[in-house]
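Chemist: dropping the sequence and predicted coords here.
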Amino acid sequence: MIECKNLSKRFNQFVAVDDLSFVANKGEVLGFLGPNGAGKSTTMKMITGFLQPTSGSVNVCGIDLFENPIAVKQKIGYLPEGAPSYDEMKVCDFIRFIARMRGIDKNQINTKVDEVVDRINLAKVYYQRIETLSKGFKRRVGLAQAIIHNPEVLILDEPTDGLDPNQKHDVRELITSMAKDKTIIISTHILEEVHAVCDRAVIIADGKIVADNTPGELENMSRFHNAVTFDANIDFSLLDEIKNLSCVRDVEFDSKKSKTTVFPAQGIYIFDEISDFLKQHNISVTRLTMEAGRLDEVFRSITLENKEVA
Amino acid sequence: MSPMNAVIRRELQGYFSTPIAYVFIVIFLILSGVFAFYLGGLYERNQADLAPFFGFHPWLYLFLVPAVSMRMWSEERRSGNIELLMTLPVSQKDLVLGKFFSSWIFVGIALFLTFPIWISINYLGEPDNGMIFASYIGSFLLAGAFLAIGSCISVASKNQVIAFILTAVICFVFLLAGLPLVLDFFSSWMPQFMVDAIASTSFLSHFGSINKGVLDLGDLVYFVMVIGVWLYATSVLLDIKKAD
């Protein structure tokens, strides 16, 4: 469990993190979302004990970070942004080094290293120098060092940044497979990732939390939530008729793709109404879909709105 | 294995997995021999001692030690590894000491490899081996003091070239603190007792007295203190600089 209370960080005049409070529970994957420079990494650096907060407190698994930083660091596995490691070292030497630094018993190092190499699929590059590895493998080495001691808390700063779709998929599967008995925080600005792995999404903008919801709830905030889209050649007069239905708030028509999007009033379910309407008027529709909501649109509206207020 | 030992081991591995170690050792061995025989006239002066050999060590260290110390922390900061190191359950003291000791051990290995010159001088005559031993200790301590300075400067700058030059300059000032070259700069505007204090910090005079075969406790304590102070400064500076 991670509990942050009124966490703030100022660099001279610049406020990087502003009075942040949240709790992440065991078994939960918490996603930190936000534009670049919003304070995601700074928050992570404070939780992991790298940066001293200007004010506020951090509690990890019941231990106060400032009373016992070493004990807290023992509980955390951390993948810093860009997955730094020693380029000139071999993968095996690097993982062993981290295992020793984490105080893993001499007799157990071999089994622990084997376990993690197996889990992250590093056998192929085990004796290779880290500088010769591809980006994807480097990231995996970073993940391996983060989980070598089977930590209760995992903090991953942009774990999939710069990876190809297959590698992204692998990393996400790994995170999901570990989620059950750990507390995991990941930061990302890839919104599809929130859906793929996160139970909860915390959106940060300008150092403040502007939303803290499940991915589903965030989608509900979208104006596209329950919107119905269909492809058909349709008269403008009929579009006006749809617009005047009581359950419809607005209609958008893209003449280039002959695509129409119907927005419901207050996000209610209008799929049946629209499909009935189209049938009644004998309009041949090539595609008819209902949208769950668009995270990127919610993200934009929340983070930009916040900026305008500030 | 304690975390400090893990750091020492990794750092030593780091030195020897890059050409740095071999270049350093080879250059050190060649130059220390060349200086001793050609500039110091070790052979011609017909005395069974190694004074000409040890006499050039401060000047060799002046440009070789900064080359060892320059990447100690600056590289960690540049690569972002510092974030990894400092979020491991290890105290900062272990990191600072571990890195310092590994560099000191490394220079110690280079120094140890000069033993053929000791064998040669014993073959040629009957030197005072106690004095030679003391000189080795003195040389090792001097290298330690330079490395401690280098450790602190390499935290201050992410740029290794800057770290190299600054370390060399600061070591140079400390080395010559007792000579007019440095003292004249201070004596014009500082009270005499402070000038005397600066003069007493001269590495060269402390090194020289050990070199004469006098392993005085004062000189030992002096070098240990210098190392301690600069390593403490390293730790303080790390707190300030680590996040930049």
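Modeler: Ah, there it is.

Chemist: so which bits of chain B are right by chain A?
Modeler: B:1, B:3, B:5-7, B:9-10, B:13-14, B:17-18, B:79-81, B:83-84, B:86-91, B:239, B:242-243 (CB under 8 Å from any CB of the partner chain). The way it works is simple: take the backbone N, C-alpha and C, and place the C-beta from them, glycine included.

Chemist: from these, which would you call buried?
Modeler: Neighbour-count burial (16 or more other CB atoms under 10 Å in any protein chain shown) is assigned, among these, to B:3, B:6-7, B:9-10, B:13-14, B:79, B:81, B:83-84, B:86-90, B:242-243.

Chemist: which SS class is A:G31?
Modeler: Reduced to three states with DSSP: H, G, I helix; E, B strand; the rest coil, the structure at A:G31 is strand.

Chemist: wait, what's in contact with it?
Modeler: A:185-188, A:193-194, A:197-198, A:200-202, A:215 (CB atoms under 8 Å, 6 or more residues apart in numbering or on different chains).

Chemist: how big is the angle separating the helix-or-strand element of chain A with minimal mean pLDDT from strand A:29-33?
Modeler: Ranked by mean pLDDT, DSSP states H and E, the weakest helix or strand in chain A is helix A:295-309, scoring a mean of 73. Using axes from the mean of the first three to the mean of the last three CA atoms, to 10 degrees, the interaxial angle of helix A:295-309 with respect to strand A:29-33 works out to 50 degrees.

Chemist: can you list the buried residues in helix A:295-309?
Modeler: A:295, A:297-299, A:302-303, A:306.

Chemist: now it - C-alpha only, CSV.
Modeler: Extracted in CSV, the C-alpha atoms of helix A:295-309 (Å, rounded to 0.1, in the frame of the first residue of the first chain):
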residue,chain,number,x,y,z
LEU,A,295,-10.1,8.7,-23.2
ASP,A,296,-7.9,11.0,-25.3
GLU,A,297,-10.7,13.5,-25.5
VAL,A,298,-11.4,13.3,-21.8
PHE,A,299,-7.7,13.7,-21.1
ARG,A,300,-7.5,16.7,-23.4
SER,A,301,-10.5,18.4,-21.9
ILE,A,302,-9.4,17.8,-18.3
THR,A,303,-5.8,18.8,-18.6
LEU,A,304,-6.4,21.8,-20.8
GLU,A,305,-9.4,23.0,-18.8
ASN,A,306,-7.1,23.0,-15.8
LYS,A,307,-4.5,25.1,-17.6
GLU,A,308,-7.1,27.7,-18.5
VAL,A,309,-8.2,28.1,-14.9
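
Chemist: tell me what it is packed against?
Modeler: helix A:191-197, strand A:200-205, strand A:208-213, helix A:215-220 (3 or more CB pairs under 8 Å, 6 or more residues apart in numbering or on different chains; DSSP states H and E).

Chemist: of those, which approaches chain B most closely?
Modeler: Chain B sits nearest to strand A:200-205 of all the helices and strands packed on helix A:295-309, at 18.5 Å, using CB to the nearest CB.

Chemist: so what strands line up beside the closest one?
Modeler: Based on DSSP bridges, the pairing partners of strand A:200-205 within the sheet are strand A:29-33 (parallel), strand A:208-213 (antiparallel).

Chemist: which stretches of chain B have low pLDDT?
Modeler: Segments of chain B classed as low confidence (criterion: pLDDT under 70) are B:1.

Chemist: doesn't A:G49 make contact with A:K73?
Modeler: Yes. A:K73 is in contact with A:G49 according to CB atoms under 8 Å; the separation is 5.5 Å.

Chemist: overlap in contacts of the two?
Modeler: Shared contacts of A:K73 and A:G49, counting by CB under 8 Å, 6+ apart, come down to B:T87.

Chemist: now the helices for chain B?
Modeler: Listed in chain order, the helices of chain B (DSSP state H) span B:3-17, B:19-34, B:51-55, B:57-69, B:71-79, B:81-86, B:92-112, B:115-124, B:129-156, B:160-175, B:180-187, B:192-200, B:203-211, B:217-241.

Chemist: again with chain A
Modeler: A:40-47, A:69-75, A:91-101, A:106-120, A:135-147, A:165-178, A:191-197, A:215-220, A:236-243, A:271-280, A:295-309.

Chemist: excluding chain neighbours, give the residue nearest to the residue most central in space within chain B in space.
Modeler: Relative to the mean C-alpha position of chain B, the nearest C-alpha, by CA atoms, centre = their mean, is the one of B:A143, at 2.2 Å. Distance criterion CB to CB, 6 or more residues apart in numbering or on different chains; nearest residue to B:A143, sequence neighbours excluded, is B:V107 at 4.6 Å.

Chemist: now that neighbour: how far from chain A?
Modeler: Taking CB to the nearest CB, to the nearest Å as the measure, B:V107 falls 20 Å from chain A.
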